[in-house]
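Asker: no sequence on this one, just coordinates:
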């Protein structure tokens, strides 16, 4: 493969302004991540220490192999929700290495509302289970939870994507042969009792860990019996009498040590083999992405320039370079793993959609993972393009994205609007992981476009009613709120708070994150149970 030739002028005023804008966004991201990790009430810290418990990050430090990476999932989930203090939705979750094996860890943060489960905590747990099932990763739960946050119980309990689905998924994961290991390090109340009960192996910490369907207050109210948490469901009860728990731990550190031993005793697990290359860094500094990506989403840039700063050696074999130029497709490697990359250089026309369809088919047949770099306003619209068949050609691309079998990864590097989000493998199209850059925007359409549509519709209504068109002031009464709402509800912060993505990335870290994610995805076989694709409309 040839090394990509950059055309970026790093001394230009435009590069400098873009760089400073992205640098400020990344600084804001790092400040938010630090707050999510460290902002805990002193009262909660003191209570944890008095109970002899470890902070959640200390548990992870002991659990994971030394000097190995940890790919955290949704670290800013629930940002700004509830009272603004339910950081990371009350859970620390991510993919790490234990005894040389990739696992997914979900750990309750008992310093946040006593580990109470909020609706976004349920959603995050379900997302983690989906990651385990898609990538065949063992799941480790470090559990210390006060149970469901009762004032919001209607948002936690009854629906298909609420709390009960966690236990359903546990049963499905068990059938799939995915190991599930739970360390009971605090209270596991009501529905929370089923997490250890439905796990393969349970480690139980004496004195602090307790499992029960109804806690002491409920037992007292229902039966009149007075009992302590430890008497009701402590380690002695469940390790000696009920058999619910399998390993007795003296404290948190001992429990983590036992969990590591359990993982070490799991059967050897082969990973999907790909045609690997020797990894090598890009020829250009990844931080140069800061100056390449425009600070204004309406200003275009060549996505080849960001590809050159992500892939091994900046080497890229471009597919159909002269055809369908608004979509760049090609082959490269990231940390030695082969990838097929699709990146936007404008709206999608029929030719770019057809090019994408062929390229996706090629990668699927060759078992090459796909990477989508989204900066897309949608598919082209208008009379001429409808006559040329943009709808059926877009359908081919969406069909191919939906039905291909190889692992897919999506990074929203700019705009992600309308059906362009679908064709470029948005969340609904099953990417193994999806991330956003801090400048990204997502929505049905951009705020300006949405406002323009509504103004046009109102003027059409006025014309039919024999009324004059809107004045500039009247247009602004429609336009300004729509634009502001789209900006607020479509930015990366809103997306990640609602778990529409797996986290916001520093663009300079994207290459390394993708390497970790691709490695994790290879724990699952590339599906071969579905032959070919769906119907491509001619």
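Answerer: Cool, the structure landed. Being a predicted model, the structure only gives us computed values, none of them experimental.
Asker: let's verify residue 170: helix, strand, or coil?
Answerer: helix (DSSP: H, G, I helix; E, B strand; the rest coil).
Asker: next: residue 422.
Answerer: Residue 422 - assigned by three-state DSSP - is helix.
Asker: for the remainder of this discussion, apply numbering that starts at 10.
Answerer: New numbering, starting at 10: the last item is residue 431.
Asker: okay, now it: neighbour count?
Answerer: Residues near residue 431, counting by other C-beta atoms under 10 Å, number 20. Glycine gets a C-beta too; all of them are placed from N, C-alpha and C.
Asker: for it, which non-adjacent residue is closest in space?
Answerer: In space, residue 431 comes closest to residue 407 once its chain neighbours are excluded; the distance is 5.5 Å by C-beta to C-beta, 6 or more residues apart in numbering.
Asker: next secondary structure after the helix or strand where that neighbour lies?
Answerer: Element membership for residue 407, per DSSP states H and E: helix 399-412. Scanning forward in sequence from helix 399-412 by DSSP H and E, the next helix or strand is strand 417-426.
Asker: quick one: mean pLDDT over that next one.
Answerer: Mean per-residue pLDDT for strand 417-426: 97.
Asker: and if you look at stretch 487-507?
Answerer: Mean predicted confidence for stretch 487-507 is 89.
Asker: quick one: buried residues of it?
Answerer: 487-488, 491-492, 495, 499-507 (16 or more other C-beta atoms under 10 Å).
Asker: can I get those in TSV including secondary structure?
Answerer: Below are those laid out as TSV (three-state DSSP):
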residue	secondary structure
487	helix
488	helix
491	helix
492	helix
495	helix
499	coil
500	strand
501	helix
502	helix
503	helix
504	helix
505	helix
506	helix
507	coil
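Asker: tell me what the longest helix belonging to the chain is packed against?
Answerer: Ranked by residue count, the top helix of the chain under DSSP state H comes out as helix 22-47. Counting contacts by 3 or more C-beta pairs under 8 Å, 6 or more residues apart in numbering; DSSP states H and E, helix 22-47 packs against helix 298-301.
Asker: same for the following helix or strand past the helix it packs on, what does it pack against?
Answerer: Downstream of helix 298-301, the first helix or strand assigned by DSSP H and E is helix 312-316. Applying 3+ C-beta pairs under 8 Å, 6+ apart, we find helix 312-316 packed against helix 298-301, strand 336-343, strand 346-353, strand 379-385.
Asker: 6 Å instead?
Answerer: helix 298-301 (3 or more C-beta pairs under 6 Å, 6 or more residues apart in numbering; DSSP states H and E).
Asker: average pLDDT across the helix it packs on?
Answerer: Rounded mean pLDDT across helix 298-301 is 98.
Asker: show me the contact partners of that helix.
Answerer: 17, 24, 27, 28, 31, 32, 310, 314, 315, 318, 516 (C-beta atoms under 6 Å, 6 or more residues apart in numbering).
Asker: may I see the ChimeraX selection of the buried members of these?
Answerer: Selection of buried members from those for ChimeraX, criterion 16+ other C-beta under 10 Å:
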select :17,24,27,28,31,310,314,315,318,516
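Asker: any chance of the contacts of helix 298-301 in JSON lines, plus distance to residue 394 and pLDDT?
Answerer: Formatted as JSON lines, these follow (distance: C-beta to C-beta, whole Å; pLDDT from 0 to 100):
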{"residue": "17", "distance to residue 394": "32", "pLDDT": "96"}
{"residue": "24", "distance to residue 394": "34", "pLDDT": "98"}
{"residue": "27", "distance to residue 394": "31", "pLDDT": "98"}
{"residue": "28", "distance to residue 394": "36", "pLDDT": "98"}
{"residue": "31", "distance to residue 394": "33", "pLDDT": "98"}
{"residue": "32", "distance to residue 394": "39", "pLDDT": "98"}
{"residue": "310", "distance to residue 394": "24", "pLDDT": "96"}
{"residue": "314", "distance to residue 394": "28", "pLDDT": "98"}
{"residue": "315", "distance to residue 394": "27", "pLDDT": "98"}
{"residue": "318", "distance to residue 394": "33", "pLDDT": "98"}
{"residue": "516", "distance to residue 394": "32", "pLDDT": "98"}
